[in-house]
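[1] based on what follows, work out the 3D shape:
(chains A and B)
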Amino acid sequence: MTIPKLGVVGWRLGKAGILSPLAVFGKRGVGGGILATIVMLLLSAAPAFAAPAPSGPDVLPPKLELRYQKLTSELRCPVCQNETIAVSDSVVSADLRRVVREKLRAGASDREIRDYMIARYGLFAVYDPPVAAGTWALWFGPLALLLLAALIAAIAIRRRRRILAGRERAEFGP
Amino acid sequence: MRRWLWALLPLAVAGGLIAFLALGFGHDPRYIPSPLIDKPAPKFALQTLADPARSLSSADLHGQVALVNVFASWCVACTDESASLAWLAGQGVRIYGLDYSDTRPAAKAWLARWGNPYRAVAFDPRGTAALDWGIYGVPETFALDRNGRIRHKFTGVITLEAAKSEVLPLLRKLESGS
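    The predicted model follows:
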């Protein structure tokens, strides 16, 4: 939709009182139309903030692009640590993204690219480290703790029941 | 007797969990351990910063204890190291620079301004060589033994105190062949 059309739509909606939460500003009717126009224009501005589609040597063929998106969202940025290299702004992440692109173009497999990262940064570099001896605590620890808690809870409840039953029998007889 | 033992159990579990977390909080999460320790230094062959016609390669690092310092002209923190590296160079330490993701003019200007403690600087504009060393920030410094193996990684700025109390003793140890 073109911006003028969106503005008109907003105007009409506002006048009709449809964007009436904005009526909290006390502006139904024409005033609501003005406010709604502003809202619609702001919303229509959103696509302009999206990054332009990359062109030139950065563009990968569609199948590789899919793998690129998937890989870069599974690899941890070693600098920021809580971001993937797909979204991180750091210089190291930008260089790593470029390396991933070049490797994909050269025909490397997903596993080879992950191994590249792990060789340089350790298992920390991937968000789903392989289930090996060193990572059992990471993968199974929470589950083990949960089971332990459930076990303790079960035992405690059974004991409680027995105590209560014992007390009842003492008061009321068997 | 058994009753208060049971009461102790949740305390024990909580205590165990706290101990586990305390271990974790003891580590600074920013310092990821390097998987390259005790491995041969990654191979590289790059142009030197000063002269594109000459090259610096990993083979050149073989044979003597050396420091490889990854830096960049756009790295503000790296300026904090210039005094420490100059001191180390003055003590006879062989320091090689790896100029990461940089441009020649900026790097040369930076060295002219902040001093050049390096025997030679490898120019890595695309950054792939530095990534092979597993860098995740600048500056980072690697201590290599005589056989070209990485024996220690110093992440971040090396202060003058650290240069005196950690870096130099480590290099002397490596020189004496341990």
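[2] what strand or helix carries residue B:153?
    Residue B:153 belongs to strand B:150-155 when assigned by DSSP states H and E.
[3] which strands and helices sit next to that strand?
    Judged by 3 or more C-beta pairs under 8 Å, 6 or more residues apart in numbering or on different chains; DSSP states H and E, the packing partners of strand B:150-155 are strand B:140-144, helix B:168-175. C-beta coordinates here come from the backbone N, C-alpha and C atoms, glycine included.
[4] and the residue of chain A nearest chain B?
    Going by C-beta to the nearest C-beta, chain B is nearest to residue A:78 of chain A, at 3.4 Å.
[5] where does chain B have low pLDDT?
    The model of chain B has pLDDT under 70 over residues B:1, B:29-30, B:178.
[6] quick one, longest helix in it?
    The residue-count maximum for a helix in chain B (DSSP state H) belongs to helix B:2-26.
[7] what's the spacing between residue A:61 and residue B:41?
    36 Å (C-beta to C-beta, to the nearest Å).
[8] give me the more crowded residue out of these two.
    residue B:41 (21 against 9; other C-beta atoms under 10 Å in any protein chain shown).
[9] and the residue of chain B found nearest chain A, what does it touch?
    Using C-beta to the nearest C-beta, the closest approach of chain B to chain A is made by residue B:136 at 3.4 Å. Neighbouring residues of residue B:136 by C-beta atoms under 8 Å, 6 or more residues apart in numbering or on different chains: A:78, A:79, A:92, A:121, B:32.
[10] excluding chain neighbours, what is closest to it?
    Ranked by C-beta to C-beta, 6 or more residues apart in numbering or on different chains and with sequence neighbours excluded, the top spatial neighbour of residue B:136 is residue A:78, at 3.4 Å.
[11] could you check the pLDDT of the one you found?
    Note on residue A:78: pLDDT of 87.
[12] show me what the longest helix of chain B is packed against.
    Using 3+ C-beta pairs under 8 Å, 6+ apart: helix B:2-26 touches helix A:136-172.
[13] tell me the helices and strands packed up against the helix it packs on.
    Short answer (3+ C-beta pairs under 8 Å, 6+ apart): helix A:136-172 packs on helix B:2-26.
[14] return the residues of chain A in contact with chain B.
    By C-beta under 8 Å from any C-beta of the partner chain, the residues of chain A that approach chain B are A:78-79, A:81, A:90-92, A:95-96, A:98-99, A:118-122, A:124, A:145, A:148-149, A:152, A:156, A:159.
[15] for the most centrally placed residue in chain B, which non-adjacent residue is spatially closest?
    With distances taken as C-alpha atoms, centre = their mean, residue B:141 lies nearest the centre of chain B, 2.6 Å away. Closest residue in space to residue B:141, ignoring its immediate chain neighbours: residue B:154 at 4.3 Å, by C-beta to C-beta, 6+ apart.
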